[in-house]
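> sharing a model that was predicted from the sequence below.
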Amino acid sequence: MPYLVLDRLTKRFGPWVAVDNMSLTVEKGELVSLLGPSGCGKTTTLQMIAGFLDPSAGRVTLDGADLLARKPNERGLGIVFQSYALFPHMTAAENVAFGLEMRGIPRADRDRMVRDALQLVGLGAFGDRYPRRMSGGQQQRVALARAMVIKPSLLLLDEPLSNLDAKMREEMQIELRRIQRSVGTTMILVTHDQAEAMALSDRVVIMNKGRVEQVAAPQDAYDNPASAFVANFLGRTNLLQGTVRRDGAGRRIDVAGTAWPVAAELPDGPGLLTVRPEKVRFVDGAGVPGLVRARVFQGTQWLFEIRTEAGDLTVIRQHDGQTLPAENEPVMVGWRAEDMRVMAGEA
Amino acid sequence: MNRNGPVALVFHMLFLAFLLAPILVVCVVAFTSQGYLSLPTEGLSLRWFKAIGDNPEFARAFRDSLLLGAVSSTIAVAFSVPAALAIARHQFRGREAITALFLSPLMVPHIVLGIAFLRFFTQIGLGGTFAGLVLSHVVIILPFALRLILAASTGMDRSIENAAASLGATSWTTFRRVTLPLILPGVASGWVLAFINSFDEVTMTVFIASPETTTLPVRLFLYIQDNIDPLVAAVSASLIFMTVAAMLVLDRLYGLERLLVGRGQE
C-alpha cells in the first residue's frame, strides 16, 4: 500500500491554477523529488502537504489517514526550509530541542536525542552556537537535525541546498543521501536543480505549469523523457525537426535526408527527434551532414556546435585522444537508434 | 574614519551647541541663590531644589506622569502587537484603512484632540479621571508604538513561524516562544518611544487633566503662568538628571541604540 497519496490535488489563486489535478503516490522510505522551473507548482504542492496552504480540491493521505483534516502542528512532518528558518534567538541545541519539547519529552531524554541528532549531521561540537555564528552549510545541517529529531513520518525539503555554494552543495547532497539511507525516512524534495534531483532521488516528478509531466526514476526520465519539456529540463538535449511516415519496413522519421526507425506509435506528419549531446558521434558513412560551427575545450570533454539542415546540434565528446573535427569542417553525425526519442511535433 | 570637512565639523558643533545650550542654561539657573531666573548668577545654592520638597504637588504630578506613561504605553503596545502582526502579514479588506486609522492621531493637532476629549469625557462621565487621561494618551501614543512594532514584524521571516508549527507548536506557543522574542527589540523601543511621548505631552493633557490628576508638564505649565521663579528650573533640572541617569543605566544594560532604534541582536 502506498504511504503518501496525493489525489487530484489542485490549488487555484484566483483565476491562476498553481497546481492542477496532481496525483502522486510515494512508498515508505522513498526519496521523491518534485522538479521543475520556478512557478511550476512544486513549492505550492509542498506547502499543501505541510498544511501552510489549503488545497482548492483534492485529497492527501499519509499512511491511510487524511492529512488535510489535521492542522500543520498536528501533522508530525519534518520540514527543512529554503531559508533554513532557524530560531535566531536559540542555540543550535535549543533549536533542535524545540520539537521534542513540544512533544513533552523529559529533559534527560531530550538532551540525549539532541546530542545524537547533532552528531548525525556532524555538528556534535556546535550545540552552544547561535545560528548567526554558523556558516550556511552548518545552519542547514541544524535545520536538518531539527526536522529529523522528531522522527517525522515524512520529511519535506524545500530547495534545501539552493543557498549553498557549489562545493558545499555537493557535500550536503552526499550527506543527505547518507542520512536518508541510514534513517530510512520518507522524503519529498523540492528543487529546480536537475542535477540535485538526479543525485538524490529514487524517483523524480517533473512538473511544468502546475502539471506533472513525468514520474520516473532519474535515469529513466533522462533516457526516456516523456515530453520535449522533460528532455530539455533534464540536462542538455538536441531537438531536431523531422517528418514521420510509414513505409514497408515500419515507421520512420526523416531528418535532414536520413531516415531513422521509430518504435513509438505516432501519427504521420511532423515529428520531433531528441538525442542527448553525449550520444551523438561523428561517423564516416551515412549520417546527418553538418558543419562544425564552433568547438570548445572543457577539460574532460569537447563541446561542438554543429549546424545541420534540421537544426543546430550540440555534441559532447570525451577528451580521450581521438582526432576530432576542426572548426568549419564539414562532418557527418549519427547516433544509435536506441539513444534517440521521437515525439509528435507541432504542425 | 573622518568624513567631515572642517566646515561641516564647525557646523555640526554649532548645531549641537544650539541644541544643548537651553538644557545647560536650565541646569545652571536651577542652582541660583536668587529669587528670580538669573544668568550669570550671583551665588550658588540648593534652595530651589529644597523648595521642590515644600511643594508636594510636583512630586505627586511626577508620580502620576510616570504611572500614566507606563500604563498607557503598555496598553498601546498590547494593542499594537496584534495589529502590527495582522497588518504586516495578511492581505485583507480594509487593511490600508485600518493602518491609516491607527496612525491618524499623528495628523490631528493635539489641541483639537484635547477639546474633543474634554467634551467627550464630560459626556460619558470620565471627565477629570485618571482613566480618561490613560485613554486619551493611548490614542496619541499608539502611532509611535505601532510604527516601530510594524517595522519589526514586517522584517520577520514567515517560515520561522511555520517551522515552529511544523515542530508541533500551537499558535499561542509559537507566538510566545518564537514571534514575540523576535519582534521584542521593536516592542521595547515602541514602548520607550510611546512612554516618552506620553510623558512629554502638554497641549492635549492640559484640557483633560484635573487638579487631582495631572501630569508634571501640565503642573509646570500652570505654575509658570502665575510665578516666574527658579523652582521650575530646579524641577526641570531634576528631570534632566533623572533622564540622564536612566539613559546611562539602560545603555549599560541593553545598549541605547538597540532600544531606541529597534535594532535586533547583532
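Nice, thanks for sending it over.

> what strand or helix carries B:L101?
Element membership for B:L101, per DSSP states H and E: helix B:95-103.

> contacts for that helix next, please.
By C-beta atoms under 8 Å, 6 or more residues apart in numbering or on different chains, the list of residues contacting helix B:95-103 from outside reads B:80, B:83, B:87, B:142-143, B:146-147. In short, each C-beta sits where N, CA and C put it, glycine included.

> center of chain A, which residue is that?
Centroid check for chain A by C-alpha atoms, centre = their mean gives A:A197 as the closest residue, at 3.1 Å.

> wait, that one sits on A:I188?
No: look at A:A197 against A:I188 with C-beta atoms under 8 Å: they stay out of range, at 11.5 Å.

> who touches both of those two?
The contact sets of A:A197 and A:I188 overlap at A:S33 (C-beta under 8 Å, 6+ apart).

> and the helix ranked longest in chain A, what's buried?
Counting residues, the longest helix found in chain A (DSSP state H) is helix A:166-183. Neighbour-count burial for helix A:166-183, counted by 16 or more other C-beta atoms under 10 Å in any protein chain shown, picks out A:168-169, A:172-173, A:175-176, A:179-180.

> next one: stretch A:67-83
The neighbour-count check on stretch A:67-83 (16+ other C-beta under 10 Å) flags A:67, A:72-73, A:75-83 as buried.

> go on, stretch A:43-55?
Buried-residue list, stretch A:43-55, by 16+ other C-beta under 10 Å: A:43-53, A:55.

> how about stretch A:191-211?
Residues of stretch A:191-211 classed as buried: A:191-194, A:196-201, A:203-208, A:210-211 (neighbour count, 16+ other C-beta under 10 Å).

> cool, and stretch A:272-287?
By neighbour count on 16+ other C-beta under 10 Å, the buried set for stretch A:272-287 is A:272-277, A:279-280, A:282, A:287.

> where is pLDDT lowest across those?
By pLDDT, A:G287 ranks lowest within the buried residues of stretch A:272-287, coming in at 82.

> so that residue versus A:W260, what's the distance?
Look at A:G287 and A:W260: by C-beta to C-beta, to the nearest Å, they are 11 Å apart.

> so A:G290, which of the three states?
Under DSSP: H, G, I helix; E, B strand; the rest coil, the three-state class of A:G290 is strand.

> mind checking pLDDT for A:A347?
Looking at A:A347, its pLDDT reads 51.

> so which residues of the stretch 151-300 of chain A form helices?
Counting by DSSP state H, counting those that start in this stretch, the stretch 151-300 of chain A has helices at residues A:166-183, A:194-200, A:218-223, A:228-233.

> now do the second one, average pLDDT.
Confidence over helix A:194-200 (mean pLDDT, whole number) is 87.

> pull the CA atoms of that helix into PDB?
Taking C-alpha atoms only, helix A:194-200 is exported to PDB below (Å, rounded to 0.1, in the frame of the first residue of the first chain):
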ATOM      1  CA  GLN A 194      18.000  18.800 -12.100                       C
ATOM      2  CA  ALA A 195      21.500  17.600 -11.000                       C
ATOM      3  CA  GLU A 196      20.400  17.700  -7.400                       C
ATOM      4  CA  ALA A 197      17.200  15.800  -8.100                       C
ATOM      5  CA  MET A 198      19.000  13.100 -10.100                       C
ATOM      6  CA  ALA A 199      21.700  12.700  -7.500                       C
ATOM      7  CA  LEU A 200      19.400  12.300  -4.600                       C
END
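
> chain B contacts on the stretch 101-250 of chain A?
For the stretch 101-250 of chain A, the residues in contact with chain B (C-beta under 8 Å from any C-beta of the partner chain) are A:102-103, A:146-147, A:150.

> of all the residues you listed, which comes closest to B:F15?
Checking those against B:F15 by C-beta to C-beta gives A:R146 as the nearest, at 51.1 Å.
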